[in-house]
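[1] Have a look at this prediction, sequence included:
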Amino acid sequence: MIKQVRFNIKQRVVDELVHRIESGLLADGHLLPGEDQLAQELGVGHSTLRAALAELERRKYIAKRTEGGAIVTYDGITLDQHNGWTQALASTGARIHTELLRLQAIERPDLAHQFGLSQFITLERRRRRDDGTAISLERSLMPATGGLEGLPRVGLIDDSLTITLAAYGFVGDRGDQWIGAEPLNEEDALLLGRPAGTVFLRALRTTYDRNGRFMELVESWLDPLHFRMYHSFGTPS
């Protein structure tokens with residue numbers, strides 16, 4: 001009887017997630033919410049949720065699932081992003097040149113409710129191949145606190161935002177990332193040297209540090225001819 005009840009609960013979760021996927025509430029190509037969030041939303045335990053997700057994977061409703069999120073590859077080479085994209089790209093041997101387009105303090109009162117502050121540092125960078133082709137555009141927003149307010153004056157350490165943030169005590173611990181394919185608007189197309197409407201990968205990532213402080217909101221536009229998103233899942237045998 002207990003086994004039958006557990007089966008019914010799992011089936012309810014499967015049916016609910018299938019409904020969300022087929023109705024478009026969970027868009028194709030987007031990461032599912034984390035297990036904690038899904039389990040809370042659906043009112044079930046983690047073991048029941050995992051059994052339901054395994055059933056969805058078997059039925060091809062979801063392709064892959066991972067706790068670590070997306071791993072980015074460049075020309076098929078996995079990028080180790082622990083020290084930031086600049087160093088990760090350099091470690092592949094790719095000859096990529098990073099251009100700093102903007103580093104300045106700005107006010108964003110519209111984000112005060114979300115992050116608890118309205119003073120930010122914004123960083124805009126573009127990356128090019130040796131032939132001059134732009135392959136990515138990145139815009140980062142960081143809190144103008146904890147010493148980061150001086151970044152426009154002193155600049156980045158080793159041209160790495162990740163290393164710079166760590167030097168000021170901001171070490172990423174948790175967050176979320178959305179990845180999709182979207183057309184470039186006129187401004188971004190001009191910066192990337194593409195016609196407006198060209199489809200690029202767009203990654204939007206929010207990161208919080210070990211103390212729960214907001215540390216970075218970054219939007220990246222990536223040339224899909226070179227960048228891919230890779231997921232691994234399960235336990236190697």
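    Structure received.
[2] so where's the longest helix in this protein?
    Using DSSP state H, we find that the single longest helix of the chain is helix 2-23.
[3] which helices and strands sit right next to it?
    Helix 2-23 is packed against helix 46-58, with contacts defined by 3 or more C-beta pairs under 8 Å, 6 or more residues apart in numbering; DSSP states H and E. All C-beta spots, glycine's among them, are computed from the backbone N, C-alpha and C.
[4] okay, which residue is most central for this structure?
    For the chain, the residue sitting closest to the mean C-alpha position, by C-alpha atoms, centre = their mean, is residue 177 at 3.0 Å.
[5] on that earlier part again, helix 46-58 and the longest helix of the chain, what's the angle between them?
    Per axes from the mean of the first three to the mean of the last three C-alpha atoms, to 10 degrees, the angle that helix 2-23 makes with helix 46-58 is 50 degrees.
[6] Toward the C-terminus, what is the element adjacent to helix 2-23?
    Following helix 2-23 in sequence order, the next helix or strand is helix 35-42 (DSSP states H and E).
[7] could you check the angle helix 46-58 makes with that following helix?
    Calculated by the same axes, to 10 degrees, helix 35-42 forms an angle of 100 degrees with helix 46-58.
[8] export helix 35-42 as PDB, just CAs?
    Provided in PDB are the C-alpha atoms of helix 35-42 (Å, rounded to 0.1, in the frame of the first residue of the first chain):
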ATOM      1  CA  GLU A  35      15.700  20.400  -6.800                       C
ATOM      2  CA  ASP A  36      15.100  22.300  -3.600                       C
ATOM      3  CA  GLN A  37      12.800  24.800  -5.400                       C
ATOM      4  CA  LEU A  38      10.900  22.100  -7.400                       C
ATOM      5  CA  ALA A  39      10.500  19.900  -4.300                       C
ATOM      6  CA  GLN A  40       9.000  22.800  -2.400                       C
ATOM      7  CA  GLU A  41       6.800  23.900  -5.200                       C
ATOM      8  CA  LEU A  42       5.400  20.400  -5.700                       C
END
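[9] So which residues of the chain form helices?
    2-23, 35-42, 46-58, 85-91, 112-115, 151-154, 161-167, 186-192.
[10] Which among those is found nearest to residue 133?
    Closest to residue 133 of the helices of the chain, according to C-beta to C-beta: helix 186-192, at 9.1 Å.
[11] By neighbour count, which bits of the closest one are buried? Give me those.
    By 16 or more other C-beta atoms under 10 Å, the buried positions in helix 186-192 come out as 188-189, 191-192.
[12] cool, and stretch 8-19?
    For stretch 8-19, by 16+ other C-beta under 10 Å, it's 9-10, 13-14, 17-18.
[13] Repeat that for stretch 123-131.
    123-128.
[14] Please flag which of the residues you listed sit within strands.
    123-128 (DSSP state E).
[15] any idea which of those residues is closest to residue 171?
    Nearest to residue 171 among these, with distances taken as C-beta to C-beta, is residue 123, at 17.7 Å.
[16] how close does the closest residue to the closest one other than its chain neighbours get to residue 101?
    Spatially, and ignoring its direct neighbours in sequence, residue 123 is nearest to residue 140 (4.3 Å; C-beta to C-beta, 6 or more residues apart in numbering). Applying C-beta to C-beta, to the nearest Å, the value for residue 140 to residue 101 is 11 Å.
[17] Could you tell me which residues touch both of these two?
    Residues touching both residue 140 and residue 101 (C-beta atoms under 8 Å, 6 or more residues apart in numbering) are residue 124.
[18] That'll do, ta.
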